[in-house]
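In: Coordinates for the following, if possible.
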Amino acid sequence: MIAGNAEAPRNQWYVAAYSSEVGRSPLQRWILGDPVVMFRTEAGSPVALFDRCPHRGLRLSAGSLQGDTIQCTYHGMRFAADGKCVLIPSGSPISERMCVRSYPIVEQWQWLWIWPGDPALADPALIPAIEPFGFGKEGWFHETSAMLPVASNYLLPFENLLDASHISFLHHGLIDSGDVASQPYRTEQEGNWLRVIREVPNEPISPLTMKTFGFETDRAHRTITADAHVPNLCGIRVDLAPADRPTETAMTNQLLVAITPATRNSCHEFTGVAQTFPFTNPNREEDVRNLLMEDVVAMEEIQRLIDQLGPERCDEVSVGCDASAMRMRRMVAQMLAAER
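Out: Have a look, this model is predicted:
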């Protein structure tokens, strides 16, 4: 499996939008190769439909809402939340074929989760729990953060987040003093969850880390934990304690990134941040965006070369730090095999 050309499992929940993005105006977003239009009913319930009118093929998202229906702006057909056509203004009988796919969609925390696979299998209990990451957890502070479109296959940013060894080089000292790549790590797996833990003792505090945590000391013990729910979610947790006060309780900052495939070579990143201390950095969303954009630029360059050369000319030579990524690829391959 080449990450730049990887297929995505469909029988999974993926984040389709922030709750705040979807209202009484149609929003289009590509999800696993499908154009999807989202909106809310007058009662506020989210709706997700295949974004193509079955009559002559115009985007439904180019139309408008009429009550709880969406009206195609070409010939005025109206479609209800279940995807069935309820009005043909020209007066023709409504054929059973005059309908669009309706996707299961569930709102949890401040994200809207969509199920692009078999609707009969869409159990909301399968949505990965984010409360253990601190979102909605008592005593934690949490908020949504930057949303990034990425012009690469979804596995590239997923592997990027799972492997912390790159931060010693790609992020140019912004969140690392150069010690992370050489640190030992351990990997744990339970079901669809994959965890990679690195401990960095007595480390000089990097500029963004200092800005985020507001430390008054220049060295700390840091633990970096990547928690991935394959294939849709990856959390990066940083626990930081002052090196000169070893008995002090560590402070925790948690970045959570939902990765949703859009097409074969594009995806969406929806982010949230939770931490055990109040937010004090007024530019925190911009800092998250700028940090992740360094990853995005690299992922898009990798994808561009794969598309230009073709997957058959893009063999990869893996090294020790790729163990977690290779395990994740095997997990995805098993999911795809089960769907087939």
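In: Could you work out the end-to-end span of stretch 42-51 for me?
Out: One end of stretch 42-51 to the other measures 20 Å (C-alpha to C-alpha, to the nearest Å).
In: Just the pLDDT at residue 233, thanks.
Out: pLDDT, residue 233: 97.
In: now residue 64
Out: 98.
In: ok, now the one 10 residues further on?
Out: The score at residue 74 is 97. That number is its pLDDT.
In: ok, now which ones touch it?
Out: Contacts for residue 74 (C-beta atoms under 8 Å, 6 or more residues apart in numbering) come out as 53, 55, 56, 58. The C-beta positions use only the backbone N, C-alpha and C, and glycine is treated the same way.
In: Can you give me the distance of the first one to residue 62?
Out: Here residue 53 is placed at a distance of 9 Å from residue 62 (C-beta to C-beta, to the nearest Å).
In: Pull up the overlap in contacts between these two.
Out: Shared contacts of residue 53 and residue 62, defined by C-beta under 8 Å, 6+ apart, comprise residue 72.
In: And the two? Which one has more around it.
Out: Set side by side, residue 53 and residue 62 show more neighbours around residue 53, with 23 against 14, by other C-beta atoms under 10 Å.
In: Settle this for me: residue 22 is touching residue 45, isn't it.
Out: No - assessed by C-beta atoms under 8 Å, residue 22 is found out of contact with residue 45, at 10.4 Å.
In: Buried residues, the helix or strand of the chain with the lowest mean pLDDT. List them.
Out: The weakest-scoring helix or strand in the chain, judged by mean pLDDT, DSSP states H and E, is helix 207-213 (a mean of 86). Across helix 207-213, burial judged by 16 or more other C-beta atoms under 10 Å covers 208, 209, 210, 211, 212, 213.
In: Quick check: the second one touching residue 175?
Out: Think residue 209. Yes - counting by C-beta under 8 Å, residue 175 is a contact partner of residue 209 at 5.9 Å.
In: Show me how the chain divides into domains.
Out: Here the domain assignment for the chain is 3-124, 134-339, based on automatic domain parsing.
In: Could you pick out the longest helix of the protein?
Out: The longest helix of the chain (DSSP state H) is helix 284-309.
In: Summarise which helices and strands that one is packed against.
Out: strand 141-150, helix 155-162, helix 207-213, strand 266-275 (3 or more C-beta pairs under 8 Å, 6 or more residues apart in numbering; DSSP states H and E).
In: Redo these as JSON lines? Include distance to residue 324.
Out: Shown next, in JSON lines, are the helices and strands packed on helix 284-309 (distance: least, C-beta to C-beta, whole Å):
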{"stretch": "strand 141-150", "distance to residue 324": "20"}
{"stretch": "helix 155-162", "distance to residue 324": "5"}
{"stretch": "helix 207-213", "distance to residue 324": "23"}
{"stretch": "strand 266-275", "distance to residue 324": "19"}
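In: any idea which of those is most buried?
Out: helix 155-162 (a mean of 24; mean count of other C-beta atoms under 10 Å).
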